[in-house]
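K.L.:
3D model of this:
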Amino acid sequence: MTISVYCSGSIAKGASDEKKLCWSDVERLEVAKGAAPAEVVFLNPDDPITDPGNALGQFGRDMYQVMVATAVIVDARERRGLGIGVEMSAAALLGTPIIVVAPPNSRYRADELEYRGVLVRDYVHPHVAALATAVADDFLSAGELLTRLAPGKASEAHHMPGWLDEAITEYRDNVLPGDPPMLAALERLRGEPAR
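P.N.:
Prediction:
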């Protein structure tokens, strides 16, 4: 079985991001180990893109990868931004299962939390609770969840809003033909040899 994973989380954009927790080979190896014996193809939003000036195409690439993925794994070990929320929302619209890696007692999950004047036990951030298919303690556990959740991938989008369709179309028609990492991933997913 081959499973594809969209790696949602912060991308190191420069020197100021050096201390951020980001997806790396360490996290990918843990996911692959947890999903074994299934083969995991990782769709990485930080792979180089041929035309970084094409903002719609770049956004479309992320959305296309979310659409193609068997599941989205969100790195929620620390505070994340707008992009992750959009990726999670798009995944929910596209019927792509979402696994959120949120360690116990971290930013998005707590055994106990004083929230709006009330003590909440087993707190999960409301956006995570509403959109996630599953919450995992770590990347190994996320990999283990992959094989169980893979059959839940929708064959068609639940709803494709215009903004999402426009971005995916821009990427597929104008950027994908010159995107070697994504073309190689698609070949692997189809069972074709990489060129």
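K.L.:
quick one, what contacts the nearest residue to Asn54 once chain neighbours are set aside?
P.N.:
Nearest non-adjacent residue to Asn54, counting by Cβ to Cβ, 6 or more residues apart in numbering: Val175, 6.3 Å away. For the C-beta atoms, the positions are set from N, CA and C on the backbone; glycine is no exception. Val175 makes contacts with Ile49, Thr50, Asp51, Asn54, Gly57, Gln58, Gly60, Arg61, as judged by Cβ atoms under 8 Å, 6 or more residues apart in numbering.
K.L.:
Next: Asn174.
P.N.:
By Cβ under 8 Å, 6+ apart, the contact set of Asn174 is Asn54, Gly57.
K.L.:
helix, strand or coil for it?
P.N.:
Three-state assignment for Asn174 (DSSP: H, G, I helix; E, B strand; the rest coil): helix.
K.L.:
Distance of it relative to Pro97?
P.N.:
In this view, Asn174 and Pro97 are 29 Å apart by Cβ to Cβ, to the nearest Å.
K.L.:
for Met160, same thing?
P.N.:
According to Cβ to Cβ, Met160 and Pro97 sit 18 Å apart.
K.L.:
ok, now Pro52?
P.N.:
Taking Cβ to Cβ, one finds Pro52 at 29 Å from Pro97.
K.L.:
Of these two, give the one with the bigger neighbour count.
P.N.:
Pro97 (23 against 9; other Cβ atoms under 10 Å).
K.L.:
I'd say Phe42 and Ser8 touch.
P.N.:
No. The criterion here is Cβ atoms under 8 Å, and Phe42 misses it with Ser8 at 11.3 Å.
K.L.:
Alright, that wraps it up for me.
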